[in-house]
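Visitor: coordinates for the following, if possible.
(chains A, B and C)
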Amino acid sequence: MHHYITEGYVLPNQAHIYWTTMIVLYPYITGIVAGAFIISSMHHVFDKDELKPVSRFAMVMAFAFLLFATLPLLNHLGHPERALNIMFTPNLTSAMAGFGFIYSTYLFILAVEIWLVYRTDIVHLYEHTKWPAMKAVYYVLALGVLDISKEAEEVDHKVMVVLASIGIPAACGLHGYVGFIFGAIKANPWWASPLMPVIFLLSAIVSGVAMVMICYIVIQWLNGREVDGECTHALIETAWYFLIIDVALELLELINHAYMANEDWTILKTLVTTKLFVSMFIIQILLGSVVPFFAMGAVVVFKKRIPAAARNLIGVLCGVLLLAQVGAMRWNVVMGGQMFSKSLRGFLNFEIDIGGREGLIAGIVIFALPFVVIFVFSRLLPLWGSVETFPKEWMKEKPPVRQPLKGWSKFTS
Amino acid sequence: MRHAAHFLRLVALLVVAVVGFLFVRSKLVPQDFGVKGHFRLSAIADEAAREPRHIGSDACAECHDEIGNAWKAGKHRTPQCENCHGPGLMHTKVVAEESTTAYPDRILKIRLAIRRPTGIVECKWCHLRTFERPSTLKSIANVADHINSHTGTFTKDSKCIDCHNPHTTVVTVNAKGVPVPPKIGP
Amino acid sequence: MTTPRSPDDVSRREFLGTVAKTGGQSFLFGSLFVNTALLRLPQDVATAKAKQETEIGKGVIYGFVVDTTKCIGCGSCARACRAENNVPDGYNRTWIEQYTFYPNGEVVVNSPVGGEAGFAEPPTRNMPAELEKVQPVRGFFVPKLCNHCIDTPCIQVCPVGASFKTDEGVVLVDKERCVGCGYCVQACPFGSRYLNPDTNVADKCTWCYHRVTKGLLPACVQSCPAEARIFGNVSDPASKISHILATNRVQVLKSYLGTRPRTRYIGLDSEVI
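Guide: Predicted coordinates:
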């Protein structure tokens, strides 16, 4: 907390910004969780076979980001050592009190789902690994049960579909809830809106799909493997659909503020046209929404007439723009809501910290941690649902070769 | 159930986690939490137990009775002693404590435990003219002009209490009509 | 500003006892699982009413009135508060706002250091340069503090139950359980709360709970030379505050938010937000 330079009349206690980088990062991280999970569920539950190549990765990504979703919050708390009070004595009238339970329930569902997806692989690897230490690791991961009979696999599959079905509303709940945290604050006219949970959820899906898309294409490039055209197409299509609804609602929110022109509009108008001009109109709307709308729209419309290389390039570039869009949206909501005073007469000039506990560097480090987890995971279990990417040097022999992962193609029919 | 052994282990893990959570919770939540609403009941007593730092003008007047009586009888009876002198708690504590400190040092210690007004800053809090202040309040636009327009000459050492007695507001003048420094201190 | 509802008259109190007290402020899970008032049978309501009525006589309910027409903007209250409560620099539990109206309709509001250093001397004014030579047409001071709302958004949002209300209607923070998330700071429409950088927990005006429970006045009330602040037991008809509430038209801040503040104002202006 710093004392920021103020303009106009700012209430004395509001010459500080209490929620900064970490609170921007937290919905950003949970958003990627929700989006990545939706992608994997589209394959696991809705049988969208085009997404098969990324479905495992998306699930692992959701899990890795979910593991660190609490870290920005803990880093922000004045007393992180008391964090469990939120589960020990949850105040049922508080929107925030649900966090501990929603989070742990979702983490459990996701962990079990991943476990079921990988259980066969875990047992295979247990049987084929060279090193006793790794054998022990896989034994623990299998919870000591090595039954991968056909019957057991059938049970696993049933449970997994059920869990994924629960997981979708849980993912929506986790992120819609984050939006509710802001949307239910009547004290802040920039936040108070029933649209907030919906906007948060939709932008979450957009950011998650974008992140999966970028990682998929870039990792395939780095490993010199072919990028599955149908998969990329399906990812772009999904991102495009959700982007349209998301941006429509974001604009609706803004237009509604302007059209209703309540007493707070005077200051909100100044807010969006000065303090938030670049992050809102340039990044969030122009670069993050309009450009990807047309670029990805071209992919969606022209389908296989687009060359694969162009599609992949559009996928990566638009993925980055979408991530920027969602990041800017989080910034505009969280920081925008604190850049003006509840006196409705003054502004704060927020300057982002570089170092420090809640600074930019800390934020980047926290954001990088899920990728470390994904990397470690990729050393333990095959990330892309295929043995090609797996370190063969750990194996006594080659694990059984499975069907190559190819989506059902709508292009070649 | 033959092929669901791994689920049984999973459920067992979950049960252990939930029971462990409930056990830890029972140890860490204060006993008086939720007795009377969703909060720790003794937090009320904790808050109430804080020691008041402002002792009130009556308490000041118990020792400083001469000033106290003059203050109560004068026009300046609405501002309290501690408005200018700061909270009196430390001062009374130092006065009350057993001490072997010798005379001049002890007086110094007692004096240091209370704020010593500058005799000009405090006056300006109320008596400098601003548009928003009620006109019934006596106020001046500017200290230098005020002094210059009266009998004196404003210097950087000039103070309001050079003429005005802050406790009573009385200005004492000598035979020539020139204000003399009032006797203020204890 | 609409005419505020008085929370302390008896008919209001019945309403309080049956609905608001059992969770009128609750939302989300609260309205689904906790607000049993909605599920009560008529005889339960009658019992609750009877119980509430017996509490009127013995219960102390504090109230606070700010008479803005009397405030001279000396800042004594804010200074006393800081000293009494060890309020860290840059934060205020109470502060004074200075409103100045200019002929062109411009309103300039200031509260330099919460008004602690006084208002008369520069640098106090945060105003457009062209107004400096213009003679204002109207002006007044408005002291502000925690409103100790009946339906507090701050207690509602506290995730851990570290914010609570005493029987006397005082909103307090449990410094030992607060996690310092800052949600209450965001939820308070009046900017009354802050995160204390020394203790890392939420902090706010307590109406000097440690003083009033010992029979003393809050530090700000005691130090006010203009009697602009009145504090007392509103459930006692003979108290000074009851008299003032009975003989004045009072207003509350941001009444449209429905928080039902217990701090009430005399002589508020529509420009005071």
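Visitor: which residue packs closest to residue 110, ignoring adjacent ones?
Guide: No chain was given, so I picked chain A. Sequence neighbours aside, A:F63 is the residue nearest to A:L110 in space, at 5.2 Å (criterion: Cβ to Cβ, 6 or more residues apart in numbering or on different chains). For glycine as for every other residue, the C-beta is placed from the backbone atoms N, C-alpha and C.
Visitor: the chain in question should be chain C.
Guide: Closest to C:N110 by Cβ to Cβ, 6+ apart is C:Q98, at 4.7 Å.
Visitor: partners of that neighbour in the sheet?
Guide: For C:Q98, the beta-bridge partners are C:N110, C:F141 (DSSP bridges).
Visitor: identify the residues contacting it.
Guide: Residues near C:Q98 by Cβ atoms under 8 Å, 6 or more residues apart in numbering or on different chains: B:130, B:132, C:73, C:109-111, C:115, C:119, C:124, C:139, C:141.
Visitor: A:A368: which of these is nearest?
Guide: C:S111 (42.5 Å; Cβ to Cβ).
Visitor: which of the contacts of C:Q98 scores worst on pLDDT?
Guide: Scanning the contacts of C:Q98 for pLDDT, the low point is C:T124. It has 53.
Visitor: which helices and strands does the host helix or strand of A:L202 pack with?
Guide: Per DSSP states H and E: A:L202 is located in helix A:195-222. With contacts taken as 3 or more Cβ pairs under 8 Å, 6 or more residues apart in numbering or on different chains; DSSP states H and E, helix A:195-222 sits against helix A:21-44, helix A:52-67, helix A:150-183, helix A:229-260, helix A:308-334.
Visitor: if you count neighbours, what's buried in the fourth one?
Guide: The neighbour-count check on helix A:229-260 (16 or more other Cβ atoms under 10 Å in any protein chain shown) flags A:229-244, A:246-247, A:249-250, A:253-254, A:257 as buried.
Visitor: residues from chain B in reach of chain C?
Guide: Residues of chain B lying near chain C by Cβ under 8 Å from any Cβ of the partner chain: B:33-34, B:37-40, B:43-44, B:46-54, B:56, B:78-80, B:82-83, B:86-87, B:124-126, B:128-134, B:137.
Visitor: now do stretch A:349-362: distance from first to last residue.
Guide: Chord length of stretch A:349-362, first to last residue, is 21 Å (Cα to Cα, to the nearest Å).
Visitor: pretty sure A:E7 belongs to a helix, no?
Guide: No - with DSSP: H, G, I helix; E, B strand; the rest coil as the criterion, A:E7 is assigned strand and is not in a helix.
Visitor: bridged to it, which residues?
Guide: A:F347.
Visitor: list the contacts for it?
Guide: A:E7 touches A:346-349, C:126, counting by Cβ under 8 Å, 6+ apart.
Visitor: flag whichever of those scores worst on pLDDT.
Guide: Among the contacts of A:E7, C:N126 has the lowest pLDDT, at 66.
Visitor: hey, C-alpha coordinates of stretch A:11-29 in PDB?
Guide: Taking C-alpha atoms only, stretch A:11-29 is exported to PDB below (Å, rounded to 0.1, in the frame of the first residue of the first chain):
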ATOM      1  CA  LEU A  11     -11.500  10.200   0.900                       C
ATOM      2  CA  PRO A  12      -8.500  10.000   3.200                       C
ATOM      3  CA  ASN A  13      -8.600   6.300   3.600                       C
ATOM      4  CA  GLN A  14      -8.800   5.900  -0.100                       C
ATOM      5  CA  ALA A  15      -5.600   7.600  -1.000                       C
ATOM      6  CA  HIS A  16      -4.300   4.000  -0.900                       C
ATOM      7  CA  ILE A  17      -5.000   1.200  -3.300                       C
ATOM      8  CA  TYR A  18      -5.700  -1.900  -1.300                       C
ATOM      9  CA  TRP A  19      -6.000  -4.500  -4.000                       C
ATOM     10  CA  THR A  20      -3.200  -4.400  -6.600                       C
ATOM     11  CA  THR A  21      -1.300  -6.800  -8.900                       C
ATOM     12  CA  MET A  22      -2.100  -9.900  -6.900                       C
ATOM     13  CA  ILE A  23      -5.900  -9.300  -7.100                       C
ATOM     14  CA  VAL A  24      -5.600  -8.800 -10.800                       C
ATOM     15  CA  LEU A  25      -3.600 -12.000 -11.100                       C
ATOM     16  CA  TYR A  26      -5.900 -14.100  -9.000                       C
ATOM     17  CA  PRO A  27      -9.000 -14.000 -11.300                       C
ATOM     18  CA  TYR A  28      -6.600 -14.200 -14.300                       C
ATOM     19  CA  ILE A  29      -5.200 -17.500 -13.000                       C
END
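Visitor: turn the contacts of A:E7 into a markdown table, including neighbour count.
Guide: Converted to a markdown table, the contacts of A:E7 look like this (neighbours: other Cβ atoms under 10 Å in any protein chain shown):
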| residue | neighbour count |
| --- | --- |
| A:G346 | 20 |
| A:F347 | 20 |
| A:L348 | 23 |
| A:N349 | 11 |
| C:N126 | 18 |
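Visitor: now flag whichever of those is closest to A:L92.
Guide: A:L348 (33.2 Å).
Visitor: ok, that closest one touching A:N13?
Guide: No - A:L348 is not in contact with A:N13 according to Cβ atoms under 8 Å; the separation is 11.9 Å.
Visitor: please compute how far stretch C:134-142 lies from its chain's middle.
Guide: Offset of stretch C:134-142 from its chain centre (Cα atoms, centre = their mean, to the nearest Å): 24 Å.
Visitor: which ones are touching residue 222?
Guide: Picking chain A for this. Here A:L222 is in contact with no residue (Cβ under 8 Å, 6+ apart).
Visitor: my bad, chain C
Guide: Contacts of C:Q222 (Cβ under 8 Å, 6+ apart): B:54, B:56, B:80, B:82, C:80, C:216.
Visitor: ok, back up a step: per-residue confidence averaged over the helix holding A:L202?
Guide: So the average pLDDT for helix A:195-222 ends up being 95.
Visitor: now do that helix and helix A:52-67, the angle between them.
Guide: On the basis of axes from the mean of the first three to the mean of the last three Cα atoms, to 10 degrees, helix A:195-222 is oriented at 120 degrees to helix A:52-67.
Visitor: tilt between helix A:195-222 and helix A:308-334?
Guide: Going by the same axes, to 10 degrees, helix A:195-222 makes 150 degrees with helix A:308-334.
Visitor: got the buried residues for helix A:195-222?
Guide: So, applying 16+ other Cβ under 10 Å, buried residues of helix A:195-222: A:196-217, A:219-220.
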